[in-house]
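In: Kindly generate the corresponding structure for this input.
(chains A and B)
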Amino acid sequence: MSDPTVYIIDDDAAVRDSMSWLVESVGLKVRTFSSAKDFFEIFDPSLSGCLVLDVRMPGLSGLDLQRELISHGCSLPILIITGYGEVQGAVRALKAGAIDYLEKPVSDQMLLDRIHQCLEKHARFRQMQTDKVKVEARIASLTPRQREVMELVLAGNSNKEIAMQMNISIKTVESHRSNVMQKMEASSIANLARISLGVAKR
Amino acid sequence: MSNLAEIEKKLSRMTKAQLIKKLAPFQQASDERASAECNAGETGGLFSAAMRASLDAFVVLEAKRDKDGQIVDFVVRHFNDQMASLVRYDLKQAIGSSWMELFPEDYEQGYFDRYINVMKSGEPLVEEIEPLSKRVCVGWIYHKIVPIKNGVAISARDITDRKLAEQRLKENEQRWQLAVEAIDEGLWDWDITGDNLFVSKRWAEIHGYAEAEIEPHIDFWKSLAHPSDRRRISRLMEEHLAGRSSSYVTEHRSRTKSGRWIWALCRGRVVERDEAGRPERMIGTVLDITERKKAEEKLQLGDRVVESSPDFISVVDSDYVYQRINPAYEKAFGKPAGEIVGRHVTSLLDDEFFRLTVKPQLDRALAGERVQYETCAEFPRAGRRFVDVTYAPLLSKSGKSLGVVATIRDITEKKKAERAVIASEAKYRNLIDGSIQGVLVHSGGIIRYANRAIAHMHGYSPEEMMGMSADMLIAPEDMDRIKEYQRQRKVGHFEMQGATRDGSTFWLFVSAREIVWNGKPARQITCIDISDRKRTEDALRRQAIVLEQMHEGVMVTDLDQRIVDANPALERFLGRTRQEILGHEPREYFGGNYSPDAVVDATTRQGQWQDEIGIRHKSGTMRDMEVSVTTLRGEGGQLTARVGVFRDITERKLAENALRESEAKFRNLIEGSIQGVMIHQDNIIVYANKAYAEIHGYDVEEMIGMDVDTRVMPEDLSAVRKYRAMDRVSVQEFRGLRRDGSVVWLAATARGIEWEDKPARQTTVVDVTELKRAEQALRRQAVVMGQINDAVLVTDLNRNITDCNKAAERLFGFSQHELLGHSPDIFVAVPEAYRRRIPGILRAVEETGRWTGEIEIRQKRGRILTCEIALAPLLDDSGRRVATIAIVRDITERKKAEEAARHHAEELSQVLRRNTMGEMTSALAHELNQPLASIANYCRGCLHRLKRGDAGGDDLIAALEKASQQAERAGAVIRQVGDFVRGAEPRKERIDINDVIRGIAPIATAESNQNKVRINLKLAEGLAPVYTQSIEIQHVILNLLRNGIEAVTQLAGGPRRVTVETCQRNKGKVQVEVRDNGLGIPADIRDRVFEPFYTTKPLGMGMGLAISRSIIERNGGTLNVTPNSPEGTIFRFELPVAISVRQNSV
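Out: Below is the predicted model of the structure:
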C-alpha cells in the first residue's frame, strides 16, 4: 500500500499549486491533477489517503468523478471544495458520500483539519478491512461442526444444551468449543462474540 | 726461462711416448759408460778424468760391514764435481765420509736397502726419484745404481726441468682435451682405409645424438645430409680426396636425430696418404651454422624490406657520399639511383640545410652513435614535409665507421594529427586543469584524473589524487547515497557533502556523467563547492540580482537606521532614486503608523517584523505596503543590517475593497432583485433567488430540485416548451402556478448557460399578474359596455341627434336633453376635421353598411376621450337610410393600458439587459474565488513553513510571487467589472477622441514596453468632437490595445507593432482603428469574439470585447473586426459626432 497521499484535483492551476503548497506545508504528501481523467490514469483501489475535489471542473465534474470512483471500488474519502453559489452541488456530494464540503475561499485550518480527518478515517477503514479479512480467515479455518458449535455458543447456549441439540456428548462439545476458541483467537465468549460480530456487521 | 719455454714448446708437440723414445739412447749410453768405468776399477787418472768430465753426478760407495759381515753403512770412494754441487758438499771432504752421516734422512727411510738389494741381486737399478734429503738441491733426480765389488756406483742427473716440462705437458694435454670438448665445433676423424669414422661428443650433439649412438661409418654421415645437398657434397669430397682441392669445405643441411634440419659448416682435410698418394685418413670439424644462416636469411629479408620500404633509406659513407639508396628514396627525390649513388649528399640537399641540420647529426652517427631527430625538409615533389630521420652507424667488425644508414620517414600527417591532438588536449586540459569547477574521472572507484580545483577542494594535490579511491572524497553521511548513485550510474545534478583530507565536510553541487576513459567505462564528476556559495557575500551578491528584478521593494538599513541600499522597485515606490535616499532614515518616507523602535525591537528579538504601512511617494501620494523586515547577521552571528521587503498592496487593497463591495452589490442585486431568477437543468431547478421563490409562494430551499413544468399552468405548457426549444432571448408571457394552486402571470426571458459545466437555462421572470388582471378587467368591461354601457346615438339625415342612451349621457357628459336636436359636433373634439371625414364615412356606411373608427370626443367638462365609433345605417322598410346609429365606446383606458403595457415591456427589456450583470455574478464569483483561494493557500502555506522553520528562502519567494500574481489576477477581474459597473451611470460630454487616446496611451505603453511592443499613434488633426463618456471610450481603447499587445507578444520574432489611427469618416462620424501585426484571429471564431464569456486567453473572462461593443453601441456607434493585411487584426469603431457641432458645421 502506498503512503497516505492527498490527491488534489482542480482545473485551476493556481488553486492546485497553492493548495499543494499549503498541504505540503504541514508535511503531507500531495499529488495534483488537472482533471478527473488524469487522476483515473493513476488510480488503483490500493491507493490510500484522500481526495480533494473541486465540484466545478471540466471534463468530468467533481460529482461525476465521485460516482465513478465509488463504482471503481475506491474507498478514498472525498473532500469537496465548492465555489460560490454551488452549495447545491455540495449537498448532493455529501449525499453521495463525500466526507465534507468546504466553500471557497477555504480557511486553511479547516481544510487541513478535514484532510487529517479524511486520512484518519481512511486509515481506520483500512485497518478494519484488514481485521475483517483476518477474522474471515479464522472462521474459514473452522470445520462445519465447529462452526455449528460456535453459532450455538454465540446464541447463548450452554454446553449441555448444545450437546442435546447436536446429539453429541458434552465432552465432544467441550472439545469443539475449545478448538473454536483457539482458532478464533478469542480469550472469552464475549471476545469471541465481538470478533465474529465485526464480520457479521459489515 | 726462454730456454724452458722452448723445451716446453718442443715437448708440447710430442706425445709422452715419443718423448721417452727420444730420450732413451742417451740414457743407455750413460749407463753403459758408468758401469764400464766402475768395472774397470781404480784405473787411476783416466777414470778420475772421466768422472770429472761427466755431465752427470757420480759417486762410488763402498759397503762398510760389521763383524758379522752385515752392511751397516757406505763410505764414499769417488765423488765428482757434479755430485758435489748436487748435494752441496765439499768435494775434498766427501771422500771417505760416511754416506749415512751425509744423508741421515735417506737412511732412516730405508733408502740404503736398495743399494744392498742391487749388491745382492747384481742387477742395476734405474729410477727417477724425488730425494727427501734437504741436502739435495733439486727436485727430481734420475739415477742408476750399479753393483760393484763390495759397493755400488751411482750416477745421478738433475731431471727437475724435464719433470716440470712433463708435468706441464700433462696439464696441457688435459687442457686440450677440455678445449676439444668445449669448442663449438664437432671434430671428426675418418680412417678412410678402414672406413672407421670417429666423431667428438660435440659432433654428436650437433646432430642430436649421444656419442654411443653414432655409427662409425661415413655412410651414416652421408645419410644425414639433405637430399638436395648430397650431390654437391659428394662432388666436393671427391675433388678433395683426389687432391684437386686443398681442403674440403661445405655448407649443407643435415638432419638431426629429431628430424630437424640444421645448417652445418663442414671442413676437412686429408692428413695421411700412402706412397701412391691415396688418402688414408681425413680429419675435420663440423660447425652448426643454423643461426648464422637464419641471420643471413634475415639479412636478405631485411634487404628486401629496405627495397620495398616506403621510408627513404640511404647509406652514406664517411665522406657524405651516397653508397646506396632504396626505390622510395629515388621516388622522393625524383631521380634514379644511378644519378644519386656516388654523389655527395649536397647534390640533393640544400647546402645550408646540409650544413646546419644534416651534417651535425650525420657526424654524430659517423662517430658511432645512433641518432634520431625530426625536421622539416623540402622535397622536389611533395614539397615541405615533416620527417623523422634515423641515422644508424655502419661499423666494421673492428669498430671502424664505414658510414651511416639513414632512414627518413614522412611524418607530416602524423605530425598534423599529433599537433591537433596536442592542441586540443592542451586546450581542454588547460581548461579543465585551470577550471574553477572541480573535474574528476574515476573508474571502478579509482580516481583516474583530477584537476587542480577539485584537488584543492579536498585538500590534496592532483597527483596525490591519482589512483586514490573516490570514496575518500565522500562525506560519511552521504556515502550510501552516492555509492547508490554510482551503482545506478545515475547521471545529472545533485548535491552532496564532500570530505576533505582532514576529515571535514563541505557541500558540493555535482554533475555526474558516464564516459569512456582510456577505453574503459568511467564516471566524470564536475562539481562546484557550494559551501562558498552559501557564504554571506555570495548570497548577497546573488540576491542583489534577484533584488534588481523583484517586484517587491527592498531596502537595507544599517544599525543606525540609515538606508544603505535599495532596489529599483523601491525607487519606483518612493519616486526617488537610490542616490536620493541613501543615508536617509526610512521614517522620512513612511506613514504615521511606522515606529522605528518597534521594528528595531521586533527584529532584534525575533529576527523579523511584519506589518502593513503606508509609504510616501515623492509626489505626495501614499501607497499601501506590506513590509517584512528581517535581519542580516554576520558570520559571527552579530547583527549587521536589516532588510525590508516592501510589497505594494495598494492594488490588492483596492481590489479587495472593490471585490468586497462589488460582490456584496451583485449578491444583493440578484438576491434582492424583484425579478425572479431561476436556473434549471433538464427541467430540474438548481438555483432560484428569493424573488422567484416568493413569486411562486415557496422558500428558496423548497424550490431546488423541483420540476419547472409543475410550476406552469398545464394550458400554457406546450407554448412554454416551444419557447424553450427556440432558445431565443425574448419575452414570453405565460401563467405560472403558485404553491396554493393560484395562477400567476409571468413575463419571462430565458437563455442557455453553463451551470456546473453542464448546459442549463437561466430564466428571469417578472410577475405581471396585476397587469394582466387590469387588462382583463378592462376587456371585460368593454364587452359589457358594448352591450350595455356603449354610448348609442341616433342621428337623422341632417345629423341631428334624435336619440341617445344613458351610456351616451355618461360618456359625453351631456344630458339627453342637451344632446337631442343637436349635431354630434357638440361632443366631437375637432368638429371641422370630423366633418371633413363625413362624406367618406357615409360612403362607407352606405356601401358596406358599417364603418368603424376612432374619434376623439370632448366631454362637456372638456375632457378629451378617445372613442371607438361604429356607424351603422338605420334603414326603413324600403331600405333607405333614414337615420344613422352610432355606437361610441370610450377606449381611452384601453389605450392607456396598452401604452402602459408597452412602456412596461420596454422597462422590462431594459431590466433584462441590465441583467447581464446577474448572469455575470456566478461567473464573477468563481473568477474571484479562484485567485483569492490561491492567495490564501500560498500565504498559509508560507506561514506553516515559517512556523515550522523548514522554509527555504527561494521557496517562499516563489510562493509569494505566485500569490501576488493571483492578487493581480483578482485585480484584473475587478477592474473589468468596475469599468462595466461605472458604464451603467453615463455622464456624457463632448470630447475629442484624440485626447482620450493620448490619455490612455501611456498606460498601454507601460505594458507594451515590458513585452517589447511598439505602439504607434496616427491621430488625424481637427476631428469633430463626439458626445460620449470619456472613461467608457478609454476602456474600449485600452481593451483593444491590450488585445493587440497580447496578439503581437505571441510573435516569435520580427517587429511587434500596434497602431492606433483616427480619422473623420464623414461629417457625421469619427473612426478609430486599432491594428496589430500579430497572429490574427481565425475566421471561424472571428464572429464569436464579441460574445460574452468567449475568450481565447488563459486568464480572460471573455467580457472585454463584449463590454466594448455594448459601450460603443450604447453611444450610437459600431465596433467590428476585420483581418489586417498581411497579418494581424483590425478592430474598428465609429462614433457619431456631437449634434451641436454637426449643426454648426452645416
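
In: For the stretch 301-450 of chain B, which residue gets nearest to chain A?
Out: Distance from chain A to each residue of the stretch 301-450 of chain B (C-beta to the nearest C-beta) is smallest for residue B:437, at 33.3 Å. (C-beta placed from N, C-alpha, C; glycine too.)

In: so where do the helices sit in chain A?
Out: Assigned by DSSP state H, the helices in chain A fall at A:13-24, A:36-42, A:62-71, A:87-95, A:108-140, A:144-154, A:159-166, A:170-183, A:189-201.

In: tell me the average confidence for the fourth one?
Out: What it means is helix A:87-95. For helix A:87-95, mean pLDDT is 66.

In: Pipe the helices of chain A into TSV and attach mean neighbour count per row.
Out: Below are the helices of chain A laid out as TSV (neighbours: other C-beta atoms under 10 Å in any protein chain shown):
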stretch	mean neighbour count
helix A:13-24	23
helix A:36-42	15
helix A:62-71	18
helix A:87-95	18
helix A:108-140	15
helix A:144-154	17
helix A:159-166	16
helix A:170-183	16
helix A:189-201	14
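
In: And the ones you listed: which comes nearest residue B:763?
Out: helix A:87-95 (16.4 Å; C-beta to C-beta).

In: So for the residue most central in space within chain A, what's the nearest residue that isn't a sequence neighbour?
Out: In chain A, the centroid-proximal residue (C-alpha atoms, centre = their mean) is residue A:125; its distance is 3.1 Å. Spatial nearest neighbour of residue A:125, excluding adjacent residues (C-beta to C-beta, 6 or more residues apart in numbering or on different chains): residue A:75 at 5.9 Å.

In: The residue lying closest to residue B:107 once chain neighbours are set aside: how many residues sit nearby?
Out: Of all residues not flanking residue B:107 in the chain, residue B:100 sits nearest, at 4.8 Å (C-beta to C-beta, 6+ apart). Neighbours of residue B:100 under the rule other C-beta atoms under 10 Å in any protein chain shown: 16.

In: List the contacts of residue B:819.
Out: Listed by C-beta atoms under 8 Å, 6 or more residues apart in numbering or on different chains, the contact set of residue B:819 reads B:793, B:801, B:804, B:808-809, B:812, B:826-827.

In: Pull out the buried residues from these.
Out: Among the contacts of residue B:819, those buried by neighbour count (16 or more other C-beta atoms under 10 Å in any protein chain shown) are B:793, B:801, B:804, B:808-809, B:812, B:827.

In: Of the residues you listed, which belong to strands?
Out: Secondary structure from DSSP state E places B:793, B:801, B:804 of the buried ones among the contacts of residue B:819 in strands.

In: Let me see the backbone angles for the spatially most central residue of chain B.
Out: Closest to where the C-alpha atoms of chain B average out (C-alpha atoms, centre = their mean) is residue B:513, at 7.6 Å. Backbone torsions for residue B:513, taken as degrees, to the nearest 10, come to phi -150, psi 160.

In: Quick check: bridge partners of it?
Out: Residue B:513 has these beta-bridge partners by DSSP bridges: residue B:524.

In: Looking at it now. What's its pLDDT?
Out: pLDDT, residue B:513: 83.

In: number of nearby residues for residue B:756?
Out: 21.

In: quick one on the thing from earlier: take the buried ones among the contacts of residue B:819 and write them to TSV, including distance to residue B:566 and pLDDT.
Out: TSV is the format used below for the buried ones among the contacts of residue B:819 (distance: C-beta to C-beta, whole Å; pLDDT from 0 to 100):
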residue	distance to residue B:566	pLDDT
B:793	97	80
B:801	100	87
B:804	99	79
B:808	95	83
B:809	95	83
B:812	92	86
B:827	91	85
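
In: Now narrow those to whatever sits close to chain A.
Out: By C-beta under 8 Å from any C-beta of the partner chain, no member of these lies near chain A.

In: quick revisit: which one of the ones in strands among the buried ones among the contacts of residue B:819 is nearest to residue B:335?
Out: Closest approach between those and residue B:335, by C-beta to C-beta: residue B:793, at 153.1 Å.

In: so what's that closest one closest to, chain neighbours aside?
Out: Using C-beta to C-beta, 6+ apart, the closest residue to residue B:793 is residue B:886 (4.4 Å).

In: Around chain A, which positions in chain B sit nearby?
Out: Contact residues, chain B versus chain A (C-beta under 8 Å from any C-beta): B:686-687, B:704, B:756-758, B:921-922, B:925-926, B:929-938, B:940-945, B:948, B:959, B:962-963, B:965-966, B:969.

In: sorry, back to before: ok, now which ones touch the residue nearest to residue B:107?
Out: B:72-74, B:107, B:112.

In: And it, how close does it get to chain A?
Out: For residue B:100, the distance to chain A (C-beta to the nearest C-beta, to the nearest Å) stands at 132 Å.

In: Residue B:74 versus that residue, what's the distance?
Out: The gap separating residue B:100 from residue B:74 is 7 Å, by C-beta to C-beta, to the nearest Å.

In: quick one: the helices in the stretch 851-1000 of chain B?
Out: B:892-914, B:916-948, B:953-982, B:993-1010 (DSSP state H, counting those that start in this stretch).

In: tell me the contacts of residue 147?
Out: Picking chain A for this. Contacts for residue A:147 were tallied using C-beta under 8 Å, 6+ apart; they are residue A:139.

In: actually chain B
Out: So residue B:147 contacts B:118-119, B:121-124 (C-beta under 8 Å, 6+ apart).

In: Just these: which are in helices?
Out: B:118-119, B:121.

In: Can I get the buried part of those as one ChimeraX selection?
Out: Buried members of the ones in helices among the contacts of residue B:147, defined by 16+ other C-beta under 10 Å, are picked up in ChimeraX with:
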select /B:118,119
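
In: and which of the ones in helices among the contacts of residue B:147 is nearest to chain A?
Out: The closest of the ones in helices among the contacts of residue B:147, once distances to chain A are taken by C-beta to the nearest C-beta, is residue B:118, at 133.1 Å.

In: didn't the closest one look like it was pressed against residue B:145?
Out: Yes - between residue B:118 and residue B:145 there is a contact at 4.8 Å, judged by C-beta atoms under 8 Å.

In: Give the residues shared as contacts by those two.
Out: Common contacts of residue B:118 and residue B:145, defined by C-beta under 8 Å, 6+ apart, comprise B:124-125, B:152.

In: Quick check on these: which are buried?
Out: Looking at the shared contacts of residue B:118 and residue B:145 with 16+ other C-beta under 10 Å, the buried ones turn out to be B:125, B:152.

In: In CSV, list the shared contacts of residue B:118 and residue B:145 along with pLDDT.
Out: Below are the shared contacts of residue B:118 and residue B:145 laid out as CSV (pLDDT from 0 to 100):
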residue, pLDDT
B:124, 86
B:125, 86
B:152, 88
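
In: Among the shared contacts of residue B:118 and residue B:145, name the ones in strands.
Out: Assigned to strands by DSSP E, the following of the shared contacts of residue B:118 and residue B:145 qualify: B:125, B:152.
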